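# Next one to model:
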Amino acid sequence: MSDLKHRQILVLGGSGQLGSRIVTALASRGAVVLATATTLENAARIPTPASVRLLLDLNSQESIDVLAQYLIETDTQIDGIVNAAGVVAFGPIQELEADKLEQLFRVNSMGPISLISKLLPALKTSGSAERSPFIATISGVVAEQPMAGLAAYSASKSALFGFTQAIGRELRRDGIRVLDARPGHTETGLAGRAISGVSPNFPSGMNPDDVVARIIQAIEADEKDLASGAFSS
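Model prediction:
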C-alpha cells in the first residue's frame, strides 16, 4: 500500500467534476495537491484543499511548455500526476469540424502526453524505496469499447490508453507506476458540455464519488490497471 501523506501530487483538470473530487480525496489523505484549470474562472472552482492552483490549457502547447518549465525551474517536487482533464464531442465523424477534432486529441491525449513526458525527470527524482512516484490517467470505457457517434472521442481516449500501457513498461525500471482507469458513463455533466454535437440519451451513469473512490483506492494499492469491469454501476 502507498501512503499518500505529504506526497506532492499534480492533478490536471482540478476544477472538473472528477478532478475536484480527486483533489479533495487526495488532500484528505494528507497529500499536497497542485491542481490545474484552463482559466482563472475555472481555477476558482478548484476545491480549497488544493495547496496550489495553476493555469494549464491542454489545447495549447505554449501553455503546456510554460507550466512544465515553471515546475522544473522551481524544482517543484512531483510525486504523482493524475490526469482528470478531458472534452467530448458527439455525432457522425463527417459532421465534426477539423478544429474540434484537433481539440479533442490535444486535450484528451496529445496535451497530457506532452506534459507527462516533460515532467518525467521530476517524477524520477522523487521516488524512494518506500514510495514510488506514479502517473494515473482516466481514459474511460470508450478506450476499450469505441462507440458509434463517438468515433473521434473514442480515438482520442484510445490514444491516451495506448500511451499509458506503453510507458508503464518503459518506466518500470525507473520505479514509476502507471495506472489507467476506464470507468463507464459517469454522471459528471460532461455530456452537456460537449464541444460539438448533442449527447444521446444515455442511461443513468455511475456516481462520480464512487468512481473517484475506486481510483484513489487503486493508487493507494499500487494497482496498474482499472478496466471498466473494475467499477460497479
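# from here on, contacts and neighbour counts on C-alpha atoms
Fine.
# outside of the strand or helix carrying Ser114, which residues touch it?
Following DSSP states H and E, one finds Ser114 within helix 111-126. For helix 111-126, contacts defined as CA atoms under 8 Å, 6 or more residues apart in numbering pick out 58-61, 64-65, 68, 72, 75-81, 83, 105-106, 132-134, 160, 163, 174-176.
# give me that answer again for 6 Å
Contact partners of helix 111-126, identified using CA atoms under 6 Å, 6 or more residues apart in numbering, comprise 58, 78-79.
# middle-most residue in the protein, spatially?
With distances taken as CA atoms, centre = their mean, Asn83 lies nearest the centre of the chain, 1.7 Å away.
# surely it meets Phe134?
No. The pair Asn83 / Phe134 is not scored as a contact, 11.3 Å apart, by CA atoms under 6 Å.
# Just say helix, strand or coil for the residue of the chain positioned farthest from its centre.
Largest separation from the mean C-alpha position in the chain: Gln94, at 27.8 Å (CA atoms, centre = their mean). Secondary structure, DSSP: H, G, I helix; E, B strand; the rest coil: Gln94 is helix.
# from the chain's centre, how far out does stretch 160-176 sit?
15 Å (CA atoms, centre = their mean, to the nearest Å).
# Same check on stretch 2-14?
Taking mean C-alpha positions (CA atoms, centre = their mean), stretch 2-14 and its chain are 12 Å apart.
# Quick check: buried residues in it?
Neighbour counts over stretch 2-14 (16 or more other CA atoms under 10 Å) mark 4, 7-14 as buried.
# Among these, which ones are in helices?
Taking DSSP state H, every one of the buried residues of stretch 2-14 sits outside helices.
# want to throw the contacts of helix 111-126 into TSV with distance to Leu226?
As requested, these are arranged in TSV below (distance: CA to CA, whole Å):
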residue	distance to Leu226
Leu58	24
Ile78	23
Asp79	20
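# And for the top helix by length along the chain, what's in contact with it?
What stands out as the longest helix in the chain, according to DSSP H, is helix 151-170. Residues from elsewhere that reach helix 151-170, judged by CA under 6 Å, 6+ apart: 88, 105, 108-109, 139, 142-143, 146, 178.
# Out of those, which comes closest to Ala213?
Ranked by distance to Ala213 (CA to CA), those are led by Ser139 at 16.4 Å.
# how close does that closest one sit to Thr39?
Going from Ser139 to Thr39 by CA to CA, to the nearest Å gives 23 Å.
# before we move on, what about Asp79?
Asp79 is 25 Å from Thr39, where distance means CA to CA.
# More neighbours: which of these two?
Legend: neighbour count by other CA atoms under 10 Å for Asp79 and Thr39, higher for Asp79 (25 against 13).
# contacting residues around the more buried one?
With contact taken as CA under 6 Å, 6+ apart, Asp79 is in contact with 7-9, 123, 126, 133.
# May I ask which of those comes out lowest in pLDDT?
Minimum pLDDT for the contacts of Asp79 is recorded at Ser126 (81).
# how many neighbours does that residue have?
Number of residues near Ser126 (other CA under 10 Å) recorded here: 19.
# quick one on the thing from earlier: for the residue nearest to the centre of the chain, what are its contacts?
For Asn83, the contact set (CA under 6 Å, 6+ apart) comprises 11-12, 137.
# One more: Asp174?
Counting by CA under 6 Å, 6+ apart, Asp174 has no contacts.
# now Leu179
By CA under 6 Å, 6+ apart, the contact list for Leu179 reads 136, 224-225.
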